[in-house]
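In: Coordinates for the following, if possible.
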Amino acid sequence: MTQAPFPATRFRRTRASGALRDLVRENTLTPGDFIWPVFVRDGEGVEEPIGSMPGVNRLSVDKVVEAAREAHSLGIPAICLFPYTDERLKTKDCAEAWNPENLSNRATRAIKEAVPDIAIMTDVALDPYNIDGHDGFVEDGVIVNDRTVEALVKQTLSQARAGADIIGPSDMMDGRIGAIRAALEAEGHQNVCILSYSAKYASAFYGPFRDAVGASGALKGDKKTYQMDPANSDEAMRLIERDLNEGADMVMVKPGLPYLDICRRVKDSFGAPTYAYQVSGEYAMIAGAAERGWVDGDKIMLESLMAFKRAGCDGILTYFAPAAARMLNG
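Out: All right, here's what the predicted structure looks like:
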């Protein structure tokens, strides 16, 4: 790249006014870039604050339907459901995960009836239903892979039957994308998308989320045998390539801001639809600092979201979705 020397080139020329800045802006952010993660709980008329996530609530199914209506009115194309499961329903066999009447499936059907045009993403992993708090079955202290994949297939099919548009396998078991895609095809769910948590790191940024779904107390040990080592980058490329080859339509990097380098590598290497999850810990740091008046929360929110677009992401899962959409809509 060559350019004329100063003063023929003055980069400040195109920064001189709002109109000029708009004309040369390289990336844009719109409500259509967001997937809004929401937490579902039992009850009716319930909006239960989550202490470690200021401004985020667990919602009963009727309130989740209201949230979906709000999202649709704001131009947010998708909502992602995470269940807060009653402790009495958490078992070693995790059978509640594929119960047609579990929280996630009931919420999916209710949203589809009330707001049919919004896309519903669901979470595929056993941790909300597992008495051990892990994403897979635990046998003799080991999180087993193949038996877990069989359960994830059953969970996926129950969600597809309920009307899910996007399946989000967040478990990080080997071979699950191929098994899930084959099962969806075999049962006639050809148009159900898979947004794979392909590069999901064993991160300390997930703490508030585990509070939100009630998994913190149940978790025994850590998830380092199946989630990625934060030191690794090349491994993420191999995982992305594998999941795309097995039938993933879209891929995700999680967490988001600490892993923007991975997002950039994924987009540059594969050109596939690439997403990042601005996870609970990222949200909590911004929202908590804003609540105390230490930072301008609105400005940091939008700046952080733009960073994902600049890094090559096609979209972002973020708890800021409705607030950001309202600002972007003016």
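
In: Stretch 146-157: how far from the chain's middle?
Out: 20 Å (C-alpha atoms, centre = their mean, to the nearest Å).

In: swap that for stretch 274-283, please
Out: With C-alpha atoms, centre = their mean, you get 7 Å for stretch 274-283.

In: can you tell me the distance between the two ends of that stretch?
Out: One end of stretch 274-283 to the other measures 20 Å (C-alpha to C-alpha, to the nearest Å).

In: could you say which helix or strand contains I35?
Out: Using DSSP states H and E, I35 falls within strand 34-41.

In: Describe which strands that strand pairs with in its sheet and in which direction.
Out: strand 57-60 (parallel), strand 78-83 (parallel), strand 315-318 (parallel) (DSSP bridges).

In: okay but I300 is in contact with I286, surely?
Out: Yes. Assessed by C-beta atoms under 8 Å, I300 is found in contact with I286 at 5.4 Å. Using the backbone N, CA and C atoms, a C-beta is placed for each residue, glycine as well.

In: Looking at the two now, which is surrounded by more residues?
Out: More crowded of I300 and I286, by other C-beta atoms under 10 Å: I286, with 21 against 16.

In: coming back round to it: report the mean confidence score over the strand holding I35.
Out: Strand 34-41 carries an average pLDDT of 97.

In: Likewise for stretch 136-150?
Out: Rounded mean pLDDT across stretch 136-150 is 96.

In: Tell me the gap between it and the middle of its chain.
Out: Centroid separation between stretch 136-150 and its chain, computed with C-alpha atoms, centre = their mean, is 23 Å.

In: Contacts made by that stretch with the rest, please.
Out: 92, 94, 126, 130, 132, 134-135, 151, 171, 173-176, 179, 220-221, 223, 225-226 (C-beta atoms under 8 Å, 6 or more residues apart in numbering).

In: Longest helix in the protein, please.
Out: Looking across the chain with DSSP state H, the single longest helix is helix 146-162.

In: Work out for me the element A307 sits within.
Out: A307 belongs to helix 297-310, assigned by DSSP H and E.

In: which SS class is S52?
Out: At S52, secondary structure determined by DSSP: H, G, I helix; E, B strand; the rest coil is coil.

In: Leaving out sequence neighbours, find the closest residue to it.
Out: Spatial nearest neighbour of S52, excluding adjacent residues (C-beta to C-beta, 6 or more residues apart in numbering): P208 at 3.8 Å.

In: Wait, a strand at that neighbour?
Out: No. Going by three-state DSSP, the assignment for P208 is helix, not a strand.

In: and it, what pLDDT?
Out: Among the per-residue scores, P208 shows a pLDDT of 81.

In: Please look at it and G281 and confirm they touch.
Out: Yes. Using C-beta under 8 Å as the test, P208 is close enough to G281 to be in contact (6.0 Å).

In: Please identify which of the two sits among more neighbours.
Out: Taking neighbours as other C-beta under 10 Å, P208 and G281 compare with P208 leading, 24 against 20.

In: Tell me who's in contact with that one.
Out: I50, S52, M53, S280, G281, Y283, A284.

In: Equivalent analysis for R88, please.
Out: R88 neighbours (C-beta under 8 Å, 6+ apart): none.

In: now the strands: where do they sit in the chain?
Out: 34-41, 47-49, 57-60, 78-83, 119-124, 138-139, 142-143, 166-169, 193-200, 250-254, 274-278, 315-318 (DSSP state E).

In: Could I get these in TSV, plus columns for mean neighbour count and distance to V24?
Out: Listed next are these as TSV, based on neighbours: other C-beta atoms under 10 Å; distance: least, C-beta to C-beta, whole Å:
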stretch	mean neighbour count	distance to V24
strand 34-41	24	25
strand 47-49	13	42
strand 57-60	21	40
strand 78-83	24	30
strand 119-124	23	33
strand 138-139	14	54
strand 142-143	16	50
strand 166-169	26	34
strand 193-200	25	32
strand 250-254	26	28
strand 274-278	27	24
strand 315-318	24	23
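
In: Appreciated, that's everything.
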